[in-house]
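Student: kindly generate the corresponding structure for this input.
(chains A and B)
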Amino acid sequence: MTPDSHRPDLRRIGASAFTEVLATLLSLPVTVPESTNDRPVSDAPDGISSSVLLAGQRFSGSVHLLLPRAFVAHAVRLLTGLDGDAGNANALQDDAAGELANMVAGRVASQLAADGYSCKLGTPSVARSRLTTQGQPAVEHGRADLICAGHWLSLEIQCCYAAS
Amino acid sequence: MTPKILSIDDSKTIRLLLARLFRPFACEFMEAANGEEGLAVATRENPDLIILDYNMPVMDGITMLRRLREQATLKRTPVIMLTADSGLQSLATVARLGVRDYVTKPFREEELLAKAGRIIPLIPRTDP
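Tutor: Numbering: from 1, shown residues only, chains lettered A, B, ... in the order given. So this is what the prediction gives:
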């Protein structure tokens, strides 16, 4: 097994990748909340969860985002110029959430490759639910929360390291 | 003749983003949701520029690119690769297939416009 001290800092990598995607693609400033107690209750239940699998020889895992629906609607408006909150916008919101996860996973994979853990990206999957990935056995987690455009966004990276 | 741009990407968000990006310019914008569909549109329309996603279901960007290069009329069609995967292996593969340029997602809109503008003329529309 890879010694713990040589393993990538998943939380740092995730937060950096997520911040870069939001700043570059959406030109939105991002802040890191001082405490998870600051989390607004109203943001939690109405979320879109998007995930991308990462697969490599030394590392396999996944990147998960939990985005409030109102934030995704805002992102759709910024990206496409269309009303991201219209009655028929659910499919477009899901697509945008999946594409954001795809880009974040791409940046995560790039950083992991620089740390010696090359991996390939899977196809994004999207669900309308809470982020329910924590607590699985034998899996390492790195979680980061960000505040962007007044919304609380969450990222989690899960991974297993191959025995070396 | 206005240049034809073909966006091949499984993400509708990205196709809509690119359509918005090129709307101010005198060009014909077309789209396809995967490599197979994109190959059919490219064969029919003979575009002046293809903006191609790397990772797609049905037929991925690399397979589509290989098939594209097998056709005499599309052998030299300029392609900009749009990819979330910045791995060196991916970049080496697309370079061998004659990709003119690549843009890593997330990208700044001006970066993609600048790269497209080096391949086709991007002239502001005069019609309303």
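Student: how many other residues sit next to residue 8?
Tutor: In the absence of a named chain, chain A is used. 22 (other C-beta atoms under 10 Å in any protein chain shown). Using the backbone N, CA and C atoms, a C-beta is placed for each residue, glycine as well.
Student: please refer instead to chain B.
Tutor: The number of residues near residue B:8, taken as other C-beta under 10 Å, comes to 31.
Student: who does it form a beta bridge with?
Tutor: Beta bridges link residue B:8 to residue B:32, residue B:52, judged by DSSP bridges.
Student: which stretches in chain A count as helices?
Tutor: Residue ranges of the helices in chain A, as given by DSSP state H, are A:10-26, A:69-80, A:90-114.
Student: sorry, slip of the keys, the one I care about is chain B.
Tutor: Using DSSP H, helices in chain B cover B:12-22, B:35-45, B:61-70, B:88-96, B:109-117.
Student: between the ones you listed, which gets nearest to chain A?
Tutor: Smallest distance to chain A across these (C-beta to the nearest C-beta): 3.9 Å, for helix B:12-22.
Student: what is the rounded mean pLDDT of that closest one?
Tutor: The average pLDDT within helix B:12-22 is 96.
Student: from the middle of its chain, how far away would that helix be?
Tutor: 12 Å (C-alpha atoms, centre = their mean, to the nearest Å).
Student: say whether chain A is contacted by that helix.
Tutor: Yes - judged by C-beta under 8 Å from any C-beta of the partner chain, helix B:12-22 and chain A are in contact via B:12, B:13, B:14, B:16, B:17, B:20.
Student: nearest residue to the middle of chain A?
Tutor: Nearest to the geometric centre of chain A sits residue A:65, at 3.3 Å (C-alpha atoms, centre = their mean).
Student: surely it and residue A:101 touch.
Tutor: Yes - assessed by C-beta atoms under 8 Å, residue A:65 is found in contact with residue A:101 at 4.9 Å.
Student: the closest residue to chain B within chain A: how many residues sit nearby?
Tutor: Nearest residue of chain A to chain B: residue A:106, at 3.0 Å (C-beta to the nearest C-beta). Applying other C-beta under 10 Å, we find 26 residues neighbouring residue A:106.
Student: nearest residue to it other than its sequence neighbours?
Tutor: Using C-beta to C-beta, 6 or more residues apart in numbering or on different chains and skipping the chain neighbours, the partner closest in space to residue A:106 is residue B:84 (3.0 Å).
Student: any idea how far residue B:107 is from the one you found?
Tutor: Distance of residue B:84 to residue B:107, given as C-beta to C-beta, to the nearest Å: 10 Å.
Student: more neighbours, these two?
Tutor: Under the criterion of other C-beta under 10 Å, the comparison of residue B:84 against residue B:107 puts residue B:84 first, with 27 against 19.
Student: mind pulling up the phi and psi values for that one?
Tutor: phi -80, psi -10 (degrees, to the nearest 10).
Student: report the contact partners of it.
Tutor: Shown here is residue B:84, whose contacts under the criterion C-beta atoms under 8 Å, 6 or more residues apart in numbering or on different chains are A:102, A:103, A:105, A:106, A:107, A:121, B:54, B:55, B:104, B:105.
Student: now do the contacts for the fourth one.
Tutor: When contacts are counted by C-beta under 8 Å, 6+ apart, residue A:106 touches A:121, B:83, B:84, B:85, B:86, B:104, B:105.
Student: can you do 10 Å?
Tutor: A:17, A:21, A:52, A:54, A:63, A:121, B:54-55, B:83-87, B:104-106 (C-beta atoms under 10 Å, 6 or more residues apart in numbering or on different chains).
Student: look up the closest residue to residue 123, ignoring the ones flanking it.
Tutor: No chain in the question, so chain A it is. Using C-beta to C-beta, 6+ apart and skipping the chain neighbours, the partner closest in space to residue A:123 is residue B:57 (6.0 Å).
Student: chain B, not that one
Tutor: Using C-beta to C-beta, 6+ apart, the closest residue to residue B:123 is residue B:26 (4.9 Å).
Student: I'd like to know how far the one you found sits from residue A:77.
Tutor: Applying C-beta to C-beta to residue B:26 and residue A:77 gives a distance of 26 Å.
Student: for residue B:40, same thing?
Tutor: Taken as C-beta to C-beta, the span from residue B:40 to residue A:77 is 32 Å.
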